[in-house]
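>>> With the sequence up front, the predicted model follows.
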Amino acid sequence: MPTEHVFNGNVNLYTTYELEVQPAQGAIPLIATFEPAGTWVIKRDHFGKQGRLEILDEDVVITLRFDAAGQHDAAQGHMHIDLKCLFDLPLLDSKLKIRLDQRTYQLGAYSVSGAPPDSANGRIRLAGSGMFSEGMLGGHDCLIEVAGTFSPNPWA
């Protein structure tokens, strides 16, 4: 059975909705499993149990709509994950499908960047760009940057 690795970190989210209130910030705890073949998975029921994001002066809960899967290779400095999330907003919920990776993304004056995984310390920083569908944020672009540490270190 694969070992579970607890991620503790923070998220910054920039969106074209309410540009003067940037970024939305919060913490998204999750549990991931890392397979030797280079895949890693975040289980839906292990995502966002305590995860909150302050956006639009509201406490927003982000949930994963399906299990998220990606690839990792710390030795080569590569990592990504594909997410489908639901943002529980005060008026209408919004959905976001996004890939987080090591690239740099730009939205107007804002920029987010990923980085290769730090295999010595279990740290990651992943970034992505996408567009919300449905609900209150539907049609608005966004940038997301997630940074934090896995414990135990999956590459130790």
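Happy to help now that I have it. Please read these numbers as outputs of a predicted model, since none were measured by experiment. Residues are numbered from 1 along each chain as shown.

>>> Could you list the buried residues of stretch 75-92?
79-81, 83, 85-89 (16 or more other CB atoms under 10 Å). Just so you know, the C-beta spots here come from the backbone N, C-alpha and C atoms, and that holds for glycine as well.

>>> and it, average pLDDT?
The average pLDDT for stretch 75-92 rounds to 90.

>>> got the contact list for the nearest residue to A24 once chain neighbours are set aside?
In space, A24 comes closest to I55 once its chain neighbours are excluded; the distance is 3.7 Å by CB to CB, 6 or more residues apart in numbering. Contact analysis of I55 by CB atoms under 8 Å, 6 or more residues apart in numbering lists 13, 15, 21, 24, 87, 89.

>>> quick check, nearest of those to I124?
The closest of those to I124 turns out to be L13 (CB to CB; 16.9 Å).

>>> Output whatever helix or strand the closest one lives in as PDB, nothing but the C-alphas.
Using DSSP states H and E, L13 sits within strand 4-15. The C-alpha trace of strand 4-15 is given here as PDB (Å, rounded to 0.1, in the frame of the first residue of the first chain):
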ATOM      1  CA  GLU A   4       0.300   8.900   2.400                       C
ATOM      2  CA  HIS A   5       2.000  12.200   2.400                       C
ATOM      3  CA  VAL A   6       0.400  15.200   4.100                       C
ATOM      4  CA  PHE A   7       0.800  18.500   2.300                       C
ATOM      5  CA  ASN A   8       0.800  21.800   4.300                       C
ATOM      6  CA  GLY A   9       1.000  24.900   2.300                       C
ATOM      7  CA  ASN A  10      -0.600  28.000   1.000                       C
ATOM      8  CA  VAL A  11      -2.400  29.100  -2.200                       C
ATOM      9  CA  ASN A  12      -2.400  32.500  -3.900                       C
ATOM     10  CA  LEU A  13      -5.200  33.000  -6.500                       C
ATOM     11  CA  TYR A  14      -5.500  36.000  -8.900                       C
ATOM     12  CA  THR A  15      -8.600  36.500 -11.000                       C
END
